[in-house]
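[1] Okay, predicted coordinates and the sequence, questions at the end:
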Amino acid sequence: MFEIFRDAFQRDKRKDLTSVGTAPRSGNLEVDQLLEQYGGSSFDQGIYRVISAGAVARWAKRATNAFPGFAGRVTPFGADWLGRLFALDSGRRVDGRPAVVMLEPGTGQALEVPCHLVAFHDAELVEHREEALAESFYKQWRLAGGAAPHISQCVGYKRPLFLGGSDTTDNLELVNLEVYWEISTQLLDQTRNLPIGTRVNDINIR
């Protein structure tokens, strides 16, 4: 399982230290196998990472704080360089198995990925790397002098797209992944029920 992913992606040397030790179970056998093999590791200079097994519950809470409609439905397993979280959604099925959803803190969108966990790693990330990981945008960021994010970092939007930020490299910055999600969650919570086109002049970050 995940052999194609293993051959297509090179594991970065730096590993999440919190992944060391006995890890709790996620409740999904395939997720547990993924985390056992790759939990706490990033790949190809930070473009993709698998979260550590001990962080699954913490990321599930973050995900549902930012996207309340997924409460009780998601089992996070990975994230990309833009801080987008990948999770299994028990509310959707592909071939009888939970389907993947991508939760985007920078846009406030949840995008359905039409595959299950194994197909996501062995097919989607390999054959549709551009669509799944925005690889060309990552290369633009690196060519512009941006650093490769390590396991605890992401390249987040300075001004989120849902607040009118531009989808360009000059609107990106290297930030702590957890802090980025915390700030994005607060911004999403404060703007969630505003009519489309509402001008936002005052935002409070706690």
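    Everything's here; your move.
[2] for this protein, which residue is closest to the average position?
    Using C-alpha atoms, centre = their mean, the residue of the chain that lies closest to the mean C-alpha position is Leu85, 2.1 Å off.
[3] So that residue is in contact with Thr64, correct?
    No - no contact is recorded between Leu85 and Thr64 when judged using C-beta atoms under 8 Å, the distance being 11.0 Å. Quick note: C-beta positions are derived from backbone N, CA and C, even for glycine.
[4] Which SSE is immediately downstream of the helix-or-strand element of the chain with minimal mean pLDDT?
    Ranking every helix and strand in the chain by mean pLDDT, DSSP states H and E puts strand 11-15 at the bottom, with a mean of 84. Reading on from strand 11-15 to the C-terminus, the next helix or strand found by DSSP states H and E is helix 29-38.
[5] which helices and strands does the lengthiest strand in the chain pack with?
    Among the elements of the chain assigned as strand by DSSP state E, the one spanning the most residues is strand 85-94. In this structure, strand 85-94 packs against helix 56-66, strand 74-80, strand 97-104, strand 109-116, with contacts taken as 3 or more C-beta pairs under 8 Å, 6 or more residues apart in numbering; DSSP states H and E.
[6] orientation of the lengthiest helix in the chain relative to helix 56-66 in degrees?
    Among all segments of the chain classified by DSSP state H, the helix with the greatest residue count is helix 177-191. For the pair helix 177-191 and helix 56-66, the angle between their directions (axes from the mean of the first three to the mean of the last three C-alpha atoms, to 10 degrees) equals 30 degrees.
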